[in-house]
Structure formats: C-alpha cells, structure tokens
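Novice: my questions concern the predicted model and sequence given below.
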Amino acid sequence: MKLIIAAPSPYARKVRVSLQEKKIDHEVIIDVPWNKNTLTKDKNPLGKVPILITKEKQHIFDSKVIIRYLDQIVPNPKLYPSDHKNELSTLTIEAIADGICDAVVLIRLENVRVNNLISKQWIQRQEEKIFNGLKYLSKDLGSKNYFVDDYFNIADISAFTSLEYVDIRFKELDWRREFPNLDNYWKFHNTRDSFANTKPSSQKIDPITY
Ligand SMILES: N[C@@H](CCC(=O)N[C@@H](CS)C(=O)NCC(=O)O)C(=O)O
C-alpha cells in the first residue's frame, strides 16, 4: 500500500507510526497539499493528507479512519482498545492531541498570509487551545508512562506526535517547563523506533494571498 503524506504533518505521522508498529509494508509519497499541483486533488474531496492507497486502489483518508482500517487488517498490536471505557479514554486523548495540532496548523497558516491579513486575536484564540489542550494531557497523564491502561496505543501515538509538532511549529511555548510530567513522558517514548524513524521535517508552502 501507499501513503501520501506531508513531511511535517502530525496526522500523517500518526499513520506512519501505526504502520511501523504493525510492521505493514508500505511506500511513503511526500506531497504539499497546500500547493496547486497537490496529489490529493482526485483522491480526497477535502484535499488533505494523509491518504492511504490500498492494494485494491481504494483511497482511505483521515488519520483516524486509516488507523481504524489498519486495526482491522492487522489486529496486532491493537491501537484502538475494544472495551468501551478504554476506547472512550483513548478517543478523548486522540481528539485533544489532534485539536492541539489543528490549532498549531491554523496559527501557521495565519502567519503565512500577507501581513495586513494576519489576525492577532485569531492567533491568540488558537494559542489558548494549544495551552489548554496540553494542560488537559498533563492532568490526564499524571505520573503514568501511557495514557490508557498502562499499554501503548493510539492515545500515545497522538499525544507524542502533538508534542513534537508543537516543538517544530510553535517553539515559543516551552511546554517542557510548564508541564514537566509531559517532558518525562516525551523522554520515556522518544527512543521508540517508530517515533525515531518518523521525525517531522519542514516543508516550504506557496504564500497564501487570500
Ligand atoms: N482530520 C484530518 C486532518 C488532516 C489535515 O488537516 N491535514 C493537513 C496537513 S497537516 C492538510 O492536508 N491540509 C491541507 C488543506 O487543508 O488544504 C486527519 O486526521 O487526517
């Protein structure tokens, strides 16, 4: 199967980590979904990455949908728990982590608009979401090494990915100092192969003038 990604995308990284955890053979194709010549056009009506192209040439998109699909075809290790209580906790952490990334993306896009179109209030609103999201993660984690039930699952993939996305895109926020337990958590997971092999990198996007 093939996976279309953008190099810095935290959503694409969630899928890359999941594919590696499940040891599924795949080819990664790097795209810039914001640019005119993006590969996403005829594959996802929303024009977003990640997009998984299966052997049967089916296009599956949205990180959550793709990873659910991966759990169906290769159940071990299971990334979404089957018992309802743990599933709800897992989905909540994933939603918070994705929401932090959404806010970081919105700030990034606001900052690449032409100068007089940039809204400081909009940026502040997103900054609050990032801070409050991290605060929620910190409180939920406490002194544990895993978010849900003492084993690695999509909650950890999403949370770790969001922390490193804040690192590359929103350096001003020193979350390590604000939330030392998240820093310990980051140190605990940082050497994991699937994380080490999928470090995000920057990409140049065309200026947004509208
Ligand atoms: N909910 C989606 C979010 C995907 C997403 O926002 N991807 C960004 C890249 S980080 C994108 O492709 N944006 C292009 C656009 O919005 O036009 C997921 O989890 O896959």
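Specialist: Perfect, I can see it now.
Novice: near the ligand, which residues of the protein? Just list them.
Specialist: Applying Cβ under 6 Å from any ligand atom, we find that the chain lies next to the ligand at 6, 9, 11, 33-34, 47-50, 62-64, 98, 105. No exception for glycine: its C-beta is placed from N, CA and C like everyone else's.
Novice: this protein: helices as residue ranges?
Specialist: Shown for the chain, the helices assigned by DSSP state H span residues 10-21, 63-73, 84-111, 120-141, 154-169, 175-178, 180-189, 193-196.
Novice: and the ones you listed: which comes nearest Thr38?
Specialist: Checking the helices of the chain against Thr38 by Cβ to Cβ gives helix 10-21 as the closest, at 13.4 Å.
Novice: what's in contact with the closest one?
Specialist: 3-6, 26, 28, 48-50, 52, 62-63, 66-67, 70, 77, 79, 98, 101, 104, 152, 154, 157-158, 161-162, 164-165, 193-195, 197-198, 200 (Cβ atoms under 8 Å, 6 or more residues apart in numbering).
Novice: now swap in stretch 116-125 and tell me
Specialist: Residues contacting stretch 116-125 (Cβ under 8 Å, 6+ apart): 106-107, 110-111.
Novice: same check on stretch 85-95?
Specialist: 64, 80-81, 137, 140, 147-149, 153-155, 158-159.
Novice: and this structure, what are its domains?
Specialist: Taking automatic domain parsing as the reference, the chain has its domains at 2-73, 84-196.
Novice: can you redo those as TSV with mean pLDDT?
Specialist: As requested, those are arranged in TSV below (pLDDT from 0 to 100):
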stretch	mean pLDDT
domain 2-73	97
domain 84-196	96
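Novice: dump those domains to a markdown table, plus mean neighbour count and distance to Lys204.
Specialist: Below are the domains of the chain laid out as a markdown table (neighbours: other Cβ atoms under 10 Å; distance: least, Cβ to Cβ, whole Å):
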| stretch | mean neighbour count | distance to Lys204 |
| --- | --- | --- |
| domain 2-73 | 18 | 8 |
| domain 84-196 | 17 | 10 |
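Novice: export those to TSV and append columns for distance to Ile205.
Specialist: Shown next, in TSV, are the domains of the chain (distance: least, Cβ to Cβ, whole Å):
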stretch	distance to Ile205
domain 2-73	4
domain 84-196	7
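Novice: of all those domains, which one is nearest Asp206?
Specialist: Using Cβ to Cβ, the domains of the chain put domain 2-73 closest to Asp206, at 5.2 Å.
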